[in-house]
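A.B. asks: next input, structure requested:
(chains A and B)
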Amino acid sequence: MSGDGEVYEKKLLDRLADALVDGLASLIDLFLSGWKERNRARLDELKLTLYALNRSPIGLLGVVLVLAFIIVAILGPTLAPLGYNDQLIYCVTDFDEVRLAPPGTVVVVEEDAICTQLGVEPGTYKLWLGADEYGRDLLSRILYGARTSFIVVLLVMIVGPWIGILLGLFAGYRGGFVDEVIMRIVDVFLAFPGLILAIALSAVLPSRLDPIIINNEFLLNSLLRLFALNPDDALPMVRLVVVVIALWIVWWPVYARLVRGMVLSARENTYVEAARALGIPTHSILIGHILPNILGPVLVYLTLDFGAVILVEAGLSFLGLGAVPPIADWGRIIYDGAQYFPNAWWLVFFPGLAILLTVLGFNLLGDALRDIMDPRTRRRIEFKVKGR
Amino acid sequence: MECDPIVEVKDLRVYFYTYAGVVKAIDGVSFKICRGETYCLVGETGCGKSVTSRAITRLIYPPGRIVSGEIYYYPEPGKRVNIMQLSESELRRLRGEEISYIFQDPSAALDPLYVLGYQVGETMLAHKRVKSVKEGMRRAVEVLRTVLMPDPEKRASSYPHELSGGMKQRGVIGISLSNNPKLLIADEPTTALDVTIQAQLMDLLLDLKRERGLTLLLITHNLGLVAEYCDRVAVMYAGNIVEEAPVEELFEKPLHPYTQALIRAVPNPTRRIEKLEHIPGTVPNLVKPPPGCRFHPRCPKAFDRCRVEKPPLKEYSDHHKAACWLYEE
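C.D. replies: Numbering: from 1, shown residues only, chains lettered A, B, ... in the order given. Below you'll find the model as predicted:
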């Protein structure tokens, strides 16, 4: 952070941000003429946001880590040299050569009937991060694991918090008895530690959910594609879906409380009262006027929470409740590798590092977002940029 | 002058159930607003004028509650709607379409996240005057033109922070009138504005009222506005109406000691004064209002009866009502 009197000098990154925003705006302008002019104020604000981000090295690190995670999650399965369940011990003559192979081992896979049946192409593979007890490439498994975490987090975050946000909106706006009932339910949920409740739910839910998902062809296929899994692994995948649903149930109460508190103050705004007095329907007031006005802090909290979900999901898998073999999941890889620790340290170290960097990335990004959304930080930067 | 009522309120009581106790904000208020007139509610802060106006369309939310009372709305002469028995959706239709509001602070009454045109359009959409927000935003320009908004095309796509106070209040008036209501309730519409804008906006309101045959309920604590714009006035004190009279009558012959004190408290700009007149004491605590007449602790003319018995609002001369024991004899 530079001092207050100093004039803000545009850095390379700022120019890059300018170019990026202007370029995108011009592109949209090509299709919708006049768009750029109409949204000039918004584009300027967007640039300010990017400048503010540029001034925070920690925030930038967060952005880089999160972007890296997302890119790996999307492209990982395509980039992985081997499949997540390609067991090389069946492809070599001396299986001690690949069993728990240390990082950097080179394996030559020859033309072999069993091996081809398993889907491993013949060739030379370098196991950059080593292999586990079945000779599965750790790097490939971590890349696939990124996809698993990403999809779980995405599915949890698309639904879980929004249950809480909607209930919180409703409770806060209605007040009185409705509020009392919803908030007492929230209290009950918050009284349990979230992880314990998630453990209990992941143990109870499968028997009911398994048939529902397995029998629904469309759902099953789309989920398999999302998680980038082989069709044979449908049943293990259902376990992941169970984790998602368990986390939906655990994840909403905090949001309900957070949002309710903000609604209590937002609903006192005259424009909310004016909207009521003009006969605007309740749902429009809630979704159109109250929610957008409180969304900033909620989004910051959501970002911070992405890391928390990754951690809890890995934790559940580590406890043997989430992903089951052969699914590649960071928590599960650590769980399976732990028995060979410290000899095969790479089985614990690399997936642990992946979890650490991802969670760190989301936390840093969330912190930076909070600073950026703070109007005081924003104005300070705005003055400096304009006073140039 | 025969009164053709548009709104009739009988013995309204609104209580607020707070931790400190039950606040009897409105305690037995009755009045009638005649079609086409400008009816004023005056009184100091916290006397219940705003709560009364909101209660007309049951805009009272917990911890507040309308404890008792009857509220009737007459959409046309002879047709009576009992507002207390309307369902939530009928009430919603009533608000904005029949009875509309303008609030005190225009910068707070507009949602900072939407352009003015959207907010006009949204209100029209809520009452099905337009089919989409987009159409509403187009129609918003016409609406803004009727409230004499300068450069309405541009202002329709301006955010509230880009508008001046006067423009915002014009916008708010536009939103309120976009559904052609019959009764407009203006709750201190000019308090947040400076005097020149105040005069412009009051003139605008009166012009619109004349053009559209509106009825106006004006809530204010500014006696100057009352003298200038009102037809009939009700003076409120601590949740009661203490006096109601045609405006000239009220200023010439105020009956209630509170009204007299209020009028005395307005400084005369043409004369130099040593000390501003004021009413001794403070507004009573409405959790535990004083027994009898609520004004008696501050009333210079109070006598024994005032401390025990609450005076009813009674007509003492033509259309001039007061709630005071002084005139019982």
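A.B. asks: quick one: the strands in chain A, in order.
C.D. replies: Using DSSP state E, the strands of chain A run over A:105-109, A:123-127.
A.B. asks: ah, wrong one, I meant the stretch 101-250 of chain B
C.D. replies: B:183-187, B:215-220, B:232-237, B:240-246 (DSSP state E, counting those that start in this stretch).
A.B. asks: quick one: strands adjacent to the last one?
C.D. replies: Its sheet considered, strand B:240-246 pairs with strand B:232-237 (antiparallel), strand B:320-322 (antiparallel) by DSSP bridges.
A.B. asks: that older thread, could I get the strands of the stretch 101-250 of chain B as JSON lines with mean pLDDT, distance to A:G168 and mean neighbour count?
C.D. replies: For glycine as for every other residue, the C-beta is placed from the backbone atoms N, C-alpha and C. Shown next, in JSON lines, are the strands of the stretch 101-250 of chain B (pLDDT from 0 to 100; distance: least, Cβ to Cβ, whole Å; neighbours: other Cβ atoms under 10 Å in any protein chain shown):
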{"stretch": "strand B:183-187", "mean pLDDT": "90", "distance to A:G168": "30", "mean neighbour count": "24"}
{"stretch": "strand B:215-220", "mean pLDDT": "90", "distance to A:G168": "34", "mean neighbour count": "24"}
{"stretch": "strand B:232-237", "mean pLDDT": "90", "distance to A:G168": "38", "mean neighbour count": "25"}
{"stretch": "strand B:240-246", "mean pLDDT": "88", "distance to A:G168": "40", "mean neighbour count": "24"}
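A.B. asks: ok, now how distant is the residue nearest the centre of chain B from B:T38?
C.D. replies: The residue lying closest to the centre of chain B (Cα atoms, centre = their mean) is B:I219, at 3.2 Å. B:I219 is 11 Å from B:T38, where distance means Cβ to Cβ, to the nearest Å.
A.B. asks: residue contacts, the residue nearest to the centre of chain B?
C.D. replies: Residues counted as contacts of B:I219 (Cβ atoms under 8 Å, 6 or more residues apart in numbering or on different chains) are B:C40, B:L41, B:V42, B:K49, B:S50, B:S53, B:I185, B:A186, B:D187, B:E188.
A.B. asks: helix, strand or coil for the second one?
C.D. replies: Yep, that's B:L41 we're talking about. For B:L41, the assignment made with DSSP: H, G, I helix; E, B strand; the rest coil gives strand.
A.B. asks: residue contacts, it?
C.D. replies: Residues near B:L41 by Cβ under 8 Å, 6+ apart: B:K49, B:T52, B:S53, B:L217, B:L218, B:I219, B:T220, B:V233, B:A234, B:M236.
A.B. asks: try B:R13
C.D. replies: Going by Cβ under 8 Å, 6+ apart, B:R13 touches B:K24, B:I26, B:D27, B:G28, B:V29, B:I66, B:V67, B:S68, B:G69.
A.B. asks: tell me the SS of it?
C.D. replies: B:R13 ends up strand, using three-state DSSP.
A.B. asks: ok, now how distant is the nearest residue to it once chain neighbours are set aside from chain A?
C.D. replies: Nearest non-adjacent residue to B:R13, counting by Cβ to Cβ, 6 or more residues apart in numbering or on different chains: B:V67, 4.3 Å away. Distance, B:V67 to chain A, by Cβ to the nearest Cβ, to the nearest Å: 16 Å.
A.B. asks: just B:T146 next, same as before
C.D. replies: Distance of B:T146 to chain A, given as Cβ to the nearest Cβ: 17 Å.
A.B. asks: pLDDT below threshold where in chain B?
C.D. replies: B:1, B:329 (pLDDT under 70).
A.B. asks: residue numbers of it in contact with chain A?
C.D. replies: Within chain B, the positions adjacent to chain A are B:54, B:57, B:59, B:61-62, B:91-97, B:100-101, B:103-105, B:108-113, B:122-123, B:126-127, B:157, B:172, B:175-176, B:179 by Cβ under 8 Å from any Cβ of the partner chain.
A.B. asks: in helices, which of these fall?
C.D. replies: B:54, B:91-97, B:108-109, B:122-123, B:126, B:172, B:175-176 (DSSP state H).
A.B. asks: show me which of the residues you listed is closest to A:R147.
C.D. replies: The closest of those to A:R147 turns out to be B:E122 (Cβ to Cβ; 42.1 Å).
A.B. asks: the closest one contacts B:V133, correct?
C.D. replies: Yes. The pair B:E122 / B:V133 is scored as a contact, 6.2 Å apart, by Cβ atoms under 8 Å.
A.B. asks: B:P311 and chain A, how far apart?
C.D. replies: Distance of B:P311 to chain A, given as Cβ to the nearest Cβ: 33 Å.
A.B. asks: let me fix that: B:R298
C.D. replies: Between B:R298 and chain A the computed distance is 31 Å (Cβ to the nearest Cβ).
A.B. asks: wait, that residue touches B:P280, no?
C.D. replies: Yes. Contact between B:R298 and B:P280 holds when scored by Cβ under 8 Å: they sit 5.9 Å apart.
A.B. asks: these two - which one has more neighbours?
C.D. replies: Under the criterion of other Cβ atoms under 10 Å in any protein chain shown, the comparison of B:R298 against B:P280 puts B:R298 first, with 19 against 9.
A.B. asks: near residue 315, how many residues? Count them for me, please.
C.D. replies: No chain was given, so I picked chain A. A:G315 has 16 neighbours, counted by other Cβ under 10 Å.
A.B. asks: please refer instead to chain B.
C.D. replies: With other Cβ under 10 Å as criterion, B:E315 counts 11.
A.B. asks: for it, give the beta-bridge partners.
C.D. replies: Beta-bridge pairing of B:E315 under DSSP bridges involves B:K321.
A.B. asks: residue ranges with poor pLDDT in chain A?
C.D. replies: A:1-9, A:113, A:385-388.
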